[in-house]
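1. the following comprises the amino acid sequence and a computationally predicted model.
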Amino acid sequence: MNPSDLLAPNNPLGFPAPYWFLVLFKVIGFLLHIIPMSLWYAGILIAMIMYLSKSENGRIFNRRLMSQMPIIVAAGVNLGIVPLLFTQVVYYKVFYPATILMAWFWFSIFILLIFAYYGIYLYASAYKNGGSSLPGWRVIVGWFSAILFILMGFIFTNAFSLMVNLKEWDNIWLKTQVAGAVLGIGHNLNDPTLIPRWLMMFGLAVMTTAAYAIFDANYFATNESDEYKSWVPRFALKLYFIGILIYAIFGSWYIFSSIDSESRVMMLSRPVSLITWMTALSPAVPFFFIFRQYNGIRSFFAFCTALFHLVVLALNSISRQVLQNIELYRYYNMADEKVNLQLSPLIIFLVLFVGLVVSLIYIVSRKNKH
């Protein structure tokens, strides 16, 4: 069967805005989402490990990050709506078939998120009365939430990798249908890109957690000891290095071994290769600024760490979008969709989007000052 025959039909209404506008805000939305997302994806696991390390400074890091986590999760979920909605608008031909094939796993994200979010609140609330030691059941809840967030990340990776793996759709349908009806229990585990893509993102999340530790210690940890502020850069340097290793190993596996040869050639050919190599090498810059703070946090270098790690995340967001377009272009061209401009909803969206970002920045800053 020709994979293109499995695409959803054209939307007779067309795109509500030009293709470039929709993709631009999909990338911007994903960039804003990936910052808090990384902190729950890898940060909670790291915080729980530091709690078990018996290091006093490690427990302070645990307390600081986990106390902020309810706000971080709320911000990440709200910001995640933006790229998800634009994905549904622009890539509806592949998004809906892919998520229908694995409908029950996709739907389970809402249930997992509810339990993980409540777990975070239960854990964070223990720090309201001070102290660094927690009862055992709260520690178990913290580990439970960490595992659930990692599992959700795997399901998301499964769904978005299945979006571009059209060759597998008919096989999944044949294995999971009854009288032609899809049961929604499919998965994309046979896709060679799934595991390296999932773990590459985990490495990126580890680096984000390290960069945030520097940012938090410099800008928000006003009541913490000088000993803790001296410990954070050394901890962040090791953590960022581990993140780079994970990112490099699984990113290389992803690009050089798992994606199809046609996509690989295009990603490594000019002019796209410039973005590819900048994305691969960019983590070296924040690592350098963290290294410069080995003997203590310095505000200028802390700012540069955060700024250039934001560039790392932006380059990854752009590269991911470029590769997604390359993988789908062989089946259809998204830019060929007709445009039925809906100006008033776009204006409302832009106003609300800016308001959302400003409100979240204000809420997070107020939360961290306390």
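-> Right, received. Where do you want to start? Numbering: from 1, shown residues only.
2. so residue 50 sits right up against residue 64, yeah?
-> No. The criterion here is Cβ atoms under 8 Å, and residue 50 misses it with residue 64 at 10.4 Å. C-beta here means a position set from N, CA and C on the backbone, and glycine is covered the same way.
3. so, low pLDDT: which residues of the protein?
-> Counting by pLDDT under 70, the chain has low-confidence residues at 1, 3, 129-133, 364-370.
4. against the centre of the chain, work out the most remote residue.
-> residue 179 (37.4 Å; Cα atoms, centre = their mean).
5. now that one: phi and psi?
-> phi 50, psi 30 (degrees, to the nearest 10).
6. next: residue 292.
-> Dihedral angles of residue 292 (phi, psi; degrees, to the nearest 10) stand at phi -70, psi -10.
7. any idea how far residue 214 is from it?
-> 11 Å (Cβ to Cβ, to the nearest Å).
8. neighbour count for those two, which is higher?
-> residue 214 (30 against 16; other Cβ atoms under 10 Å).
9. what's near enough to touch the more buried one?
-> Shown in contact with residue 214 (Cβ atoms under 8 Å, 6 or more residues apart in numbering): 232, 233, 236, 290, 293, 297, 302, 305, 306.
10. what's the neighbour count on the third one?
-> Spelled out, it's residue 236. Other residues within reach of residue 236, judged by other Cβ under 10 Å, total 30.
11. list the contacts for residue 4?
-> The contact partners of residue 4, taken as Cβ under 8 Å, 6+ apart, are 166, 331, 332.
12. ditto for residue 18
-> By Cβ under 8 Å, 6+ apart, the contact set of residue 18 is 339, 341.
13. and if we set it to 6 Å?
-> Residue 18 is in contact with residue 339, counting by Cβ atoms under 6 Å, 6 or more residues apart in numbering.
14. picking that back up, what about the contacts of residue 4, which are in helices?
-> Among the contacts of residue 4, no residue falls in helices (DSSP state H).
15. between these, which has the most around it?
-> When neighbours are taken as other Cβ under 10 Å, the top entry among these is residue 166 (24 neighbours).
16. helices along the stretch 51-200 of the chain, start to end?
-> Along the stretch 51-200 of the chain, counting by DSSP state H, counting those that start in this stretch, helices occupy 56-90, 92-101, 103-125, 136-162, 169-175, 194-219.
17. of those, which approaches residue 345 most closely?
-> Shortest distance between residue 345 and the helices of the stretch 51-200 of the chain, using Cβ to Cβ, is found for helix 56-90: 11.3 Å.
18. report the distance from the closest one to the chain centre.
-> Put simply, helix 56-90 sits 9 Å off its chain's centre (Cα atoms, centre = their mean, to the nearest Å).
19. dump the contacts of residue 214 into JSON lines; add secondary structure and distance to residue 253 as well.
-> Converted to JSON lines, the contacts of residue 214 look like this (DSSP: H, G, I helix; E, B strand; the rest coil; distance: Cβ to Cβ, whole Å):
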{"residue": "232", "secondary structure": "helix", "distance to residue 253": "31"}
{"residue": "233", "secondary structure": "helix", "distance to residue 253": "30"}
{"residue": "236", "secondary structure": "helix", "distance to residue 253": "26"}
{"residue": "290", "secondary structure": "helix", "distance to residue 253": "25"}
{"residue": "293", "secondary structure": "coil", "distance to residue 253": "31"}
{"residue": "297", "secondary structure": "coil", "distance to residue 253": "34"}
{"residue": "302", "secondary structure": "helix", "distance to residue 253": "32"}
{"residue": "305", "secondary structure": "helix", "distance to residue 253": "27"}
{"residue": "306", "secondary structure": "helix", "distance to residue 253": "29"}
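20. ChimeraX command to pick out the buried ones of the residues you listed?
-> Here is the ChimeraX command that selects the buried residues among the contacts of residue 214 (16 or more other Cβ atoms under 10 Å):
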select :232,233,236,290,293,297,302,305,306
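21. of the contacts of residue 214, closest to residue 98?
-> Nearest to residue 98 out of those is residue 306 (Cβ to Cβ; 34.6 Å).
22. now the closest one. Nearest residue, chain neighbours left out?
-> In this structure, residue 306 finds its nearest non-sequential neighbour in residue 215, 4.6 Å apart by Cβ to Cβ, 6 or more residues apart in numbering.
23. cool, residue 29 as well?
-> residue 82 (3.1 Å).
24. turn the helices of the stretch 51-200 of the chain into a markdown table, columns for distance to residue 339.
-> Shown next, in a markdown table, are the helices of the stretch 51-200 of the chain (distance: least, Cβ to Cβ, whole Å):
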| stretch | distance to residue 339 |
| --- | --- |
| helix 56-90 | 12 |
| helix 92-101 | 15 |
| helix 103-125 | 29 |
| helix 136-162 | 25 |
| helix 169-175 | 28 |
| helix 194-219 | 31 |
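25. out of those, which one sits most buried?
-> helix 194-219 (a mean of 23; mean count of other Cβ atoms under 10 Å).
26. circling back to that earlier point, my guess is the residue nearest to residue 29 meets residue 27, correct?
-> No. With contacts defined as Cβ atoms under 6 Å, residue 82 does not count as touching residue 27, sitting 10.2 Å away.
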